[in-house]
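need a 3D model of the sequence below.
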Amino acid sequence: MAGADTLTKKFVKNKEVFADAFNYFLHDGKSVIKPEQLKVADTTEVVVPYGEDETGIRMQPVQKIRDAFYSVMAEGNKVYMLCGIENQTEPHNAMPVRNALYDIMEYVAQIQEAAKAHREAKNRGKDHDFLSGFHSTDKLVPVYTLVVYWGAGEWNAPRSLFEMLDIQNKTDYYGLNDWKINLIIPNELTNEDVAKFNSDLGKALIYIKNMGNPDMIEKLSADKRFRVLETDTVLLLNEVMNADFAIPESEVTTDMCYAVEKIKEKAAISATIDTARRYGIAEDSILEDIIKQFSLTVEEAKAYMALQPA
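This is a model prediction of the structure:
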């Protein structure tokens, strides 16, 4: 789904949406992380060395590109956490390892950067400081990866490394490090959860959760909390829901009540055309009928006739 991939990436790169996602997940919806604190970080994580370097870390060349990645800045322009969002339109069976790779690669990059700084300052230290290149006084910036699932169904894939391992006896887990993924799943959100979002993210997720329930979609479109969406959000919903919400031209927001009514109108027009054709009514008569019945222009009516298979 190339279209969905492009639109979801654009959506989560919006700083208000990005901050909202992490405030929901980390702070129960409280506005702790502000959009203005976010600074775009390099979304491409690259680890290039073969063999061990002075940090003692051995990795093969690999490149991973995150969907969205921001540094969260504290006072004094200091980075106090690094946050990334990964979008999924389908469950991913290897997500725990994939996310672990993203995070570890970022930590490796931080260690290598610290070692480089010590070399350039000719302060390579002694003993274990010298051996690792990462001094005992150095600290890593925490890295968070959050997965936003854009499907209406369950996340029927592993949520942790342990679920991927072939271990017969649970006692054998002792000593193993698990790697759990952080997930936002529409199907698992309650109305109380949705109320904790401050951007269009919560609205989009509640529509996706109910994509198989036309009656509920209609109720949402009439609810003042979910009625008005950013037009970019509606474009996203049309793609991931395979919907046809009508979008007014040159408008930055869309009234979902209008959008849903247009879907119902299109369905009624298509049904009228299909029924008339099955009864052998002449095309000119069908055209005249739908113009009168649905207050269409001649051009609009002809477009509907062309869309409906004869």
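
where do the strands sit along the stretch 151-300 of the chain?
Remark: strands assigned in the stretch 151-300 of the chain by DSSP state E, counting those that start in this stretch are 182-184, 228-230, 253-255.

which residues does the closest residue to residue 230 other than its chain neighbours contact?
Among residues not flanking residue 230 along the chain, residue 200 sits closest, at 5.1 Å (C-beta to C-beta, 6 or more residues apart in numbering). Just so you know, the C-beta spots here come from the backbone N, C-alpha and C atoms, and that holds for glycine as well. The contact partners of residue 200, by C-beta atoms under 8 Å, 6 or more residues apart in numbering, come to 17, 229, 230, 233.

try it again at 10 Å.
11, 14, 16-17, 20, 226, 228-230, 232-234, 236-237, 253 (C-beta atoms under 10 Å, 6 or more residues apart in numbering).

how near is residue 185 to residue 242?
According to C-beta to C-beta, to the nearest Å, residue 185 stands 19 Å off from residue 242.

so between the two, which is more surrounded?
A count of neighbours by other C-beta atoms under 10 Å puts residue 185 above the other of residue 185 and residue 242, at 21 against 10.

follow-up on the earlier one: for residue 109, find the nearest of the strands of the stretch 151-300 of the chain.
Nearest to residue 109 among these is strand 182-184 (20.5 Å), distances taken as C-beta to C-beta.

how far does that closest one sit from the chain's center?
The gap between where strand 182-184 is centred and where its chain is centred comes out at 10 Å by C-alpha atoms, centre = their mean, to the nearest Å.

that one packs against which elements?
helix 15-27, strand 78-88, strand 143-149, helix 200-209 (3 or more C-beta pairs under 10 Å, 6 or more residues apart in numbering; DSSP states H and E).

now residue 156. Nearest residue, chain neighbours left out?
residue 91 (5.6 Å).

check residue 244 too.
Nearest to residue 244 is residue 263, by C-beta to C-beta, 6+ apart, at 5.6 Å.

same question for residue 73.
Leaving aside its chain neighbours, residue 73 sits nearest to residue 37 (5.0 Å; criterion: C-beta to C-beta, 6+ apart).

what's next to stretch 25-40, contact-wise?
With C-beta under 10 Å, 6+ apart as the contact definition, stretch 25-40 has outside contacts at 13-24, 68-75, 77, 79-81, 83, 144, 146, 148, 182-184, 192-199, 202.
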